[in-house]
Structures are given as C-alpha cells and as structure tokens.
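**Q** What would the 3D arrangement of this be:
(2 chains)
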Amino acid sequence: MIAHHLPVLQIVIPLMAAPLCMFLRHHVWCWLLAVVISWLSLAMSVGLLMQVQDQGVVIYEIGGWAAPWGIEYRIDQLNSFVLVVISAIAAVVMPYARASVDKEVPRDRAFLFYSMMLLCLTGLLGIAITGDAFNLFVFLEISSLSSYVLISMGRDRRGLTASYRYLVLGTLGATFYIIGVGMMYMMTGTLNIADLAKLIPAVAETRTIQAALAFLTVGLCLKLALFPLHMWLPNAYTYAPSAVTVFLASTATKVSVYALIRVIFTIFGGVDILDTLQVSDLLMVLAIAGMFAGSAVAIYQVNIKRMLAYSSVAQLGYMVLGVTMANVSGVTAGIIHLFNHALTKGGLFMAMGCIAYVIGSVRLDDMAGLGKRMPLTMAAFLAGGLSLIGVPLTAGFVSKWYLIQGALEKGWWPVAVLIVLSSLLAVIYIWRVVEMAYFKDPPEGCEAVTEAPMSMLIPMFVLIAATYYFGIDATTTVDIARSAADVLIGEIK
Amino acid sequence: MTPEVTILLALVVPLIGAIGIALTGKSPNLRETVTLTTAAITFALVASLFDDVMAGARPERVLLEMLPGLNIAFKLEPLGMVFAGIASFLWIVTTIYAIGYMRGHQEQNQTRFYVCFAIAISSALGIAFAGNMLTLFVFYEVLTISTFPLVTHAGTPEAKRAGRIYLGILIGTSIGLQLVAIVWTWTLTGTLDFTTGGILKGHVSDVVAAVLLLMYVFGVGKAALMPFHRWLPAAMVAPTPVSALLHAVAVVKAGVFTVLKISIYIFGVDFITTISSAEWLQYIAAATIVIASLVALRKDNLKARLAYSTISQLSYIVLAAMLGNSIASVGGGLHIATHAFGKITLFFCAGAIMVACHKTEISQMRGLGKAMPVTMIAFLIGSLSIIGLPPFGGLWSKWFIALGALQADQLIMVAVLMVSSLLNIAYLLPIPFHAFFSRSDAAGAHDDDYVSGHQGGHEHTDGEGIHEAPWPCLLAIIISSAGCLALFFYPDPIFDLLNQMFTP
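**A** Have a look, this model is predicted:
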C-alpha cells in the first residue's frame, strides 16, 4: 500500500513538513524535523530506485486522473537515480547544517531556514519525479524561490545582492522555460512529457516547435549555469550560508542538467534535433568553453568558496559535454558525473564550511598553515580536491574515464585532449590551496589544533568517503547510469 | 599459502606497516623497528614468489571490479618479479641507511617520512604485480601522490617549487597522455590485460598505433624521457634516502618498467618494429642519453649530477623497449636491476658525505678519500658498475642492449651506447679520483663556499675531523656495492627469469 504511494509521498512529506517548521519555531525542533524528513526522503527514494530496478518504469497518477489530462509522476532509471542523489545529499547536509547555521544565520530566523530548506528539497525532488512539463515548471519555481531566500539568509549582506541577481536571472530562465512549454502546448495540446514525445515529431518542422526548443534550452541552461549563462552562480555560492552552498552546489544545478536531458532526449528524442538544429554542436562548444573558462577563472580567485563555484561552472561543462555526445558512454559520463560531482563538491564545500566555522574566513590568505591547525578538514579538502582533478580511485576518475571514452568512440579525439587539459587546470587551483595550507606557517598565536564540531566533520567525511567508495567500486553507479543512458539513447531515432 | 594470496599480502603488509609506523611515531626506536620488520617481511613475501615464477607459474588474482568489465587485477610475470624483488630488497637496505641518515641529519617529521615511504613501496609493488593497464595506472598515480610529501619534505620555498614541477610533470603527462592512451586502447580492443604478444595488433591502423605509442611513452613521465625529465633533478631537494630509493629505484624504475610492460604486453615486441614512431622514440631516447650525460658533466652539485645520470640511464631502457626484440628487452629488464644497485650506491655515498661533512658540491670533495675511505671506494664501485666495466653488474645489461641494437640493425644506437659509456667515465670517475689523489683544499672550503640549502653545523670545514657517516649508513653502502659485484658473477637468476618473458 505504502509502496504503491511512494512517488507522491516523496513529494508530499517534505512539502508538508515545510509549513510545520513555521509552527514549531524553535530552531532545534525545526532542525530535528528537517533531519528526520530528509532521511525519510532518502529511504523513500532508495525504495523507488529498487522498485524501478525490479519492475521498470513506475507511473503514479495524481488523484487518479489518467495522463495526459491528469498529472503523472513517472519514474524510470534516470530520475530514480537523480532522486537518490538529491535526497542523499539532503540527508547528509541537514545534520551538518545545525552547527553551521547556528554560526551563520541569526537564531530567530533559523526556523525559516529549515522551512526553506525543506521547500527547496521538495522542489528539486519534484522536478526530478514529475512526468509533466508544466508541473516541472511549478517545482522549478518552488525550488528557485526557496533558494533565493536561502542565499540571502546569511549574515553577509552581499548575500542579498547575490540573491537578487540570481532572482533576476533565475526568473528569466524559468520564464523562458515556460514560454517553451507554452509553445509546445500550442502545437500539441498536451503537457505530459511522454505524450509530448509522441506528438512532437509530427510538428517538428514548424517554426513554433523550433522556437520552443530554443526557449527550453536557453531557459534550462540559465538554471544549470552553463557558460556563459553562469553569471548568477559564483556570488550566490560564495555569499550563501555554508550549508546552503553545499546543498545547492550538489543538487540544484544537477537537477537542471537532468531537466535538460529530459528535454533533449525524451521530449525531442523522436526528432533528430541533435543534427538538424545543431543544438548539440552549440552546447558542446559552450560546454568546452565553460570547462576552460570556469577552471581558468577559478585559478585566480582569492576567495576559495568562489574558486569552488567557478570550478562548478567547469564541472557542469563536463556534464553537458557528456550529454551532447549522444552516445552511451558520453551520456553515461554525464549522468555519473552528476552523481560523482555532487559528492565531491559537496565534500569540498563542507570543508569550506568547517573552515569558515573555525577561522571565520574562506580567503586563501587566511588559510596559511591550516594543514597544521585543522588537519582533518584539510585532509578532507585534499582528498576531495584529488577527486576534482580526477585521480584514480576517486569518483572523479570514473566520470573522466567515460567522458574520454565517449569522445573517442565518437572519433572526437581533440575533445578528449581538451577534456584532459582542462582537468589539469584543476590541479593548479587545488594545489594553490594545498600549498597555502601545508607550506606556510600559521600566523602567530593560533597554532593550536581546532576543528569544527563533530556534527560537521562527520557529514564531510561521509561525502569524502563516498567519493572514494564510488571511485574504487564504480560498478553499481555505472550500471545504473548506463542503463539510464541506454534508455535515453533508445529514445533517439 | 598460495602465490595469489602472497601477492596480496605483499601489497598489504607495507600499508599495515605504515599504520604501525604512524602509531609508534612517538618512539623513534620502536618506529624504526616496525619499518625494518615490515620491509623484511615484505621482501620475504616477494622472494617466496620467485621459485613459482621461475617454474613457469603466473599467479593471477582479481581484487575487485572497478568499472564494469575492468578489474583491479594482479598477475605476476617475470619482469614484475624482477622489479618487485629489487624494490623490496632495496627498501630494507634503504631503511637501514635512512635510520643513520635521518638521525644524523636531524630531519623533521620523520614519522611522516617513514609512513609515506611505506605507502610508496606498496604502490611500486602494485605496479610490479599489475595484471592490466588500469591497475598499473592506478598504482602509478598513487605512487606519484604518496611521494609528493617526500619530495617536499623540507617544506622550504625551494621544496615547494620542486613539488610543483614534480606534480605538474608527472600528473600532467599521466593524465594528459597516458590516461587518454589507455582509454583509447580500451575502446579499440575491449581489453587492457597484459597479454604476451600484445593486444593492439590487428585492431589499429598504422597511424593510430604510432600516435598511441608516442602517447604511452611520453605519458609515462616517470621514465624521464626528454623533454619530460625536469621533475627528476627538481626532486633532488628531497632527503637523500628518498632520492636513493625512489628517484633511483622505485619511482623511475616504475616508469621504465611501465614502458617495458607496454612494449611487451600491450604492443608486443614484433608489432613495435612495424610502428613508425618507435624509431623516432629510439632517437629521442638516444638524444636523452647523450644530452643528459652532457648536462651531468656540467653539474657541480653531486645529487644533481647523479640525477642527470639517472635520466641518461633510464633512456637506455626506453631505447631497449623501442628496439623491439627480445634480447634488447631482456637487457632493459636487466638494466632495471643493475642500474638500481649502482645508482643507489652512488646516492648513498652522496648522502653519507652530506651527513658526515655537509658537503654537497663536487668541487668541495677533493681529498675526502682519506677521511671516508669506505664511502669513496663504494662510490668507485658504483661508478664502475654504471659505466659498465667488469667485474660489475652494469656490464651485462649494456651488453644485451647493445646486442639488441645490433640485431635491430641500429648500429648508430651501438655508437650512442659507447659514447654514453665514455661520458659516464668523464662525469663519474673524477669524483673518486680527486677524493683519493688530490689534496683537500681546506682553504677554499670555508663557510662562504657552503652553498647547500641544508642547515647544519659548519664545524667540519677543513679536512680534519671528518669521519665516516654513522654505521647504519655504511652498512647499507657496503650491502648495495656488494650487490653490484654479485650481479656480475650471478646474473643468472634474473637473466633466466627475464628470458621467460616471451613465453606465455
């Protein structure tokens, strides 16, 4: 019975918990609620993943209204995996948030913080789970609006302008998306994604549908911060409270990548858009440009949170690049990097949160000698940095392997070269931090070892350990990603 | 205990030892006992595999499946046996040496030093035992990263700079070229297993084969083929035991070992000869041999001279691999062993001189033979072995590489080997010669001449009062120089083993 209703519970439970926080008010209770809900979410999404593995696509009709008139939740290999990624990150971030939020968010607003976190979680899960293009927009807005609030919640006033900028650009992206959906509705009379996939090929040659594709692509690329539409991202990540940065960096952009995959492969899979409209060429060029621009700018950052933010721009380039290859290895790489990068970047931003907690700054200059003062945190940062570089035995290596394989299978060997070159840029920006932390002496008078509380260290090490676990034995994740990629490639004619 | 289990144990024991070292860091005596015991057990394990491999067994073991269809797997074959045996034996000798050196030199962070050392040895053994290219690559990268803290041990700005070069070149070439080559091989052939006769033949066009070979050989930055050799002189800021074991044996030999493995088991020796880029690589290797020797001539810093000498000697093995016949490959394999013993002796001596009288420049070492006779005789032995004169082991490996060059009709390569031997004489022999037959110019050796980056007392600026290095150092030096001699009279075990490389 419950197993049957899992898809809707996955959304309803966090959605209901968000207003509950408003009633609870006390920050500890709200935090406890958020932790419990996020763990419950993880359990449910794992349950869904197993259902999908066992019996294939799971379809749930909301309120018993059959698609295409009613809204349906449709869970296949791909989005069951994305659901697990989101809820797993949430389940690790929520325990971490307590100490960090206590320090960075005024206590009388903490209940709002947890409420917004739950709402954001709902929105992200919703984007992943729904099988309806308009419903996807609704969830996109839920997650975006709550993240605008979250970003501005810290004590740093610059968070407000960062959030405002994100608000403007994010709204633009969402509006573009809904214009695209509207155009598709105009031509096909349906909003259901599976139904759209059937009806689009008949009208694909019309200018309306082609314009719709353009709007959808640009809108989603804004949300996923594909270079050069990434302008909102660095400041938003830099000035948001640490826990928010971790959560958004690991989930929000990834979910937009997922939505882009849905549009390209599922809705427009029947049309040969990748060739006729040259969407993939355009995206590929932008993805590669992003890989280099993001990494190159990251090298010159003095604020390490901002450095990691620019690194995210580069890493999103990898994901989009994998997707545009439109072969099994490439799409596998895109999907698996979505997961691997969530773990890696989450761990790295958590390390930044720990550093901000202890020394109150994440500037490079203030990190002198940090290898001695915060040995555990810096060890975690180094370990995560190696995964970002793509050293073997880390998750980052697995993504890189399939990305290169995808490029070589296509015969795009110059792309393979560009992939490795850009990943070498990561060595530079990670090593700047390592040298500062390990080769400089700590400033006078603060030589004692101080670490962030265990409630922050443990989640950080969980993510870092996962980075290594899924780097050493990647068979499970690769199998899931590959079967999802098989389905997606199968949808292309 | 089956050989399969022994292989895994040999990899795990140094790691357990590393934990033991970290835990006993407070008490230096206990810590060094743990290190020495670990090294001895590791060598015993590796040595116990020898008879099986000699008898034709090729123990295999899959550790885990890393990517679907791609395993972390081990398979012991003759070349790996030789490399593993050398690395684990010299680890014992180096540990003995390091105890004397690190204490005599009052180095900081000794526990970290021994821990990283143990991890590095474990990954060198992983490279030796690797059953496929992915496994080899994994341990190759672990070796790079675990030796980084050793290179930058001093923590000075100079060490930091050296660390950048070290990491930049080694990571840059391995990810930038080698990884792409490996993935490419995988997409072309669907396997990465080391197979006698190679896996690429029949799957690739001539052009692709040529490009792949270039990517592989340059991608193995640890082989220090020019122009990717700069990391090796840079790494000389490390404490001498590191230079000795890692940058004369484990790390660089891992590099040339990888090149040999690729040439024999990925391409296959017969296939190599048909690839156009193999000949270019022969010339690049030959150029490296000569140029590095010429650079070595001009270096006054002893460790820098030895580093360039290593670069030159490594290219012998690259050359051997690119010649593409079994005699040359056997010679290359032998050279891994003979050069290891010769060069480690020389580094030990350099370190002993540094500990005993804080001298790092060759021009300061005149007349040192009287005060440090054992060290200087050992230096002479090491030099003669590197040059390739009887009765020292270095003769055999040069002999077989030259034979291989003749078989490949590359007379010019034989000439290069001869020129190189002459250059070896020119840059190595003057050092012991001046030590024994020149008078120490005590007047010139005052403090302002003291250019070394190391701190330490200046009390020994004149020839008087200098004694031999601490006894553990001397013991290690004697063992390793005896090894040079032994390899001349008893090369048979290694030689017979390597001859089995081409039978599956």
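
**Q** got any ranges where chain A has weak pLDDT?
**A** Within chain A, the set of residues satisfying pLDDT under 70 comprises A:1, A:272-277, A:445-447, A:493.

**Q** What parts of it come near chain B?
**A** Contact residues, chain A versus chain B (C-beta under 8 Å from any C-beta of the partner chain): A:386, A:389-393, A:398, A:400-401, A:404-405, A:408-409, A:413, A:416-417, A:420-421, A:423-424, A:427, A:431, A:435, A:438-439, A:472-475, A:478-479, A:482. (Each C-beta comes from the backbone N, C-alpha and C, glycine too.)

**Q** And what about residue B:201, helix, strand or coil?
**A** coil (DSSP: H, G, I helix; E, B strand; the rest coil).

**Q** Could you report the neighbour count for it?
**A** Other residues lying near residue B:201 total 15 when counted by other C-beta atoms under 10 Å in any protein chain shown.

**Q** what do you get for residue B:361?
**A** Neighbours of residue B:361 under the rule other C-beta under 10 Å: 16.

**Q** Quick check: it vs chain A, distance?
**A** From residue B:361 across to chain A, the span is 26 Å (C-beta to the nearest C-beta, to the nearest Å).

**Q** Grab the nearest non-local neighbour of that residue.
**A** Take residue B:361 and drop its neighbours on the chain: the residue closest to it by C-beta to C-beta, 6 or more residues apart in numbering or on different chains is residue B:300, 5.0 Å away.

**Q** Test my guess that that neighbour contacts residue B:359.
**A** No - in this structure residue B:300 lies outside contact range of residue B:359 using C-beta atoms under 8 Å: 11.2 Å.

**Q** who has more neighbours, these two?
**A** residue B:359 (22 against 12).

**Q** tell me the secondary structure for that one?
**A** coil.

**Q** Give me the phi and psi for it.
**A** Note on residue B:359: backbone dihedrals following degrees, to the nearest 10 are phi -110, psi 130.

**Q** Next: residue A:72.
**A** phi -120, psi 150.

**Q** for the closest residue to it other than its chain neighbours, what are its contacts?
**A** Excluding the flanking residues, the one nearest residue A:72 by C-beta to C-beta, 6+ apart is residue A:131, at 4.6 Å. Residue A:131 sits next to A:59, A:67, A:71-74, A:192-194 when contact means C-beta atoms under 8 Å, 6 or more residues apart in numbering or on different chains.

**Q** what do you get for residue B:224?
**A** B:231-232, B:252, B:255, B:288, B:310-311, B:314-315.

**Q** at 7 Å instead, please
**A** B:232, B:252, B:255, B:311, B:314 (C-beta atoms under 7 Å, 6 or more residues apart in numbering or on different chains).

**Q** What backbone torsions are found at it?
**A** phi 60, psi 30.

**Q** in chain B, which ranges drop under the pLDDT threshold?
**A** Ranges of chain B meeting pLDDT under 70: B:440-465, B:504.

**Q** Quick one: name the residues of it near chain A.
**A** By C-beta under 7 Å from any C-beta of the partner chain, the residues of chain B that approach chain A are B:64-68, B:137-138, B:141, B:145, B:155, B:160, B:167, B:171-172, B:175-176, B:179-180, B:183-184, B:186-187.

**Q** Filter those residues down to the buried ones, ChimeraX style.
**A** Selection of buried members from those for ChimeraX, criterion 16 or more other C-beta atoms under 10 Å in any protein chain shown:
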select /B:66,67,137,138,141,145,155,160,167,171,172,175,176,179,180,183,184,186,187
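
**Q** At which residues are the strands of the stretch 1-150 of chain A located?
**A** A:58-61, A:72-75 (DSSP state E, counting those that start in this stretch).
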